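[1] sharing a model prediction with you, sequence too.
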Amino acid sequence: MRVIMLFAALGLLALVFTIAAYPILGHFGFPFSTSSSEWANFGTYLGGVAGPLLSFLALIAVAWTVRLQYDLLRRDLEKQTSDQHIRWLEAIYRDILDLMTAPVRSAHGAESTTTWAVLHQEVDRGTADPAILKSRLDELLKLLTQYCQAVALYRENVTEFFDARIFQDRGARILDHLKPFLSVLGNNAAIPIEFCDMHLRGQMNRGEPEALRRKTRD
């Protein structure tokens, strides 16, 4: 609204100054002329001077409108991109939670447990069937790797206005619980764990492995 009023004021000023300058140039003054030729000259002068000024202001207004529409479209595209990434992250996170809370047959005929309980040390890892637990942890690491890659893509494709910290924190918590189980996963799992840590921290490269020496969630 302010911009519209500004352009209207500029247009009015252009007309006022154009009209006010005509008497100064000696072509028109008081009392007003009754000659049609004088009024015709005044009309030609007004159209020739004020017309280009008003056209220039109109061009600026059009350019401003186009720029405003471009900004709105860009923000809408960013919002759509953010929503798509969020849906992707939420879908993977639900798969992770489903996997972690699914029953795991316990060893020695004891009651079943869950991967969640084992990771959070609510039960001893020896309580769960070793083969099933390893299978679940392998699958969990695959899903977590996808999740961490999605966090990195979210960070790269969405502006800073859309914060990714909540998603980083979710992935970091799971990764920190998973790190102590490297012996169950096997030494080859150290590589995807390192990449997960890098994705969550927003790092493109790293001089030497460090993920297993400290917590990802600071």
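    Perfect, thanks for sending it.
[2] which stretches of this protein form helices?
    Ranges of helices within the chain are 2-24, 36-101, 115-119, 130-157, 165-178, 182-185, 190-201, based on DSSP state H.
[3] now these in a markdown table, with mean pLDDT?
    Listed next are those as a markdown table, based on pLDDT from 0 to 100:
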| stretch | mean pLDDT |
| --- | --- |
| helix 2-24 | 62 |
| helix 36-101 | 78 |
| helix 115-119 | 91 |
| helix 130-157 | 91 |
| helix 165-178 | 92 |
| helix 182-185 | 92 |
| helix 190-201 | 93 |
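[4] pull the number of nearby residues for D129.
    By other CB atoms under 10 Å, the residues close to D129 number 18. In this view, the C-beta of every residue, glycine as well, is placed from N, C-alpha and C.
[5] hang on, I meant K142
    Per other CB under 10 Å, the neighbour tally for K142 reads 12.
[6] re earlier: now for the helices of the chain, which one comes closest to G207?
    Among those, the nearest to G207 by CB to CB is helix 190-201 (11.5 Å).
[7] quick one: buried residues of that closest one?
    192-201 (16 or more other CB atoms under 10 Å).
[8] repeat that for stretch 127-135.
    Buried residues in stretch 127-135 (16+ other CB under 10 Å): 127-129, 132-133.
[9] which of those residues sit farthest apart?
    Among the buried residues of stretch 127-135, T127 and I132 lie farthest apart (CB to CB), at 11.4 Å.
[10] the most centrally placed residue in the chain - nearest residue in space that isn't next to it in sequence?
    Compute the mean C-alpha point of the chain, and by CA atoms, centre = their mean the closest residue is V158, 2.5 Å away. Nearest-residue entry for V158: S82, 4.8 Å, with adjacent residues in sequence omitted and distances by CB to CB, 6 or more residues apart in numbering.
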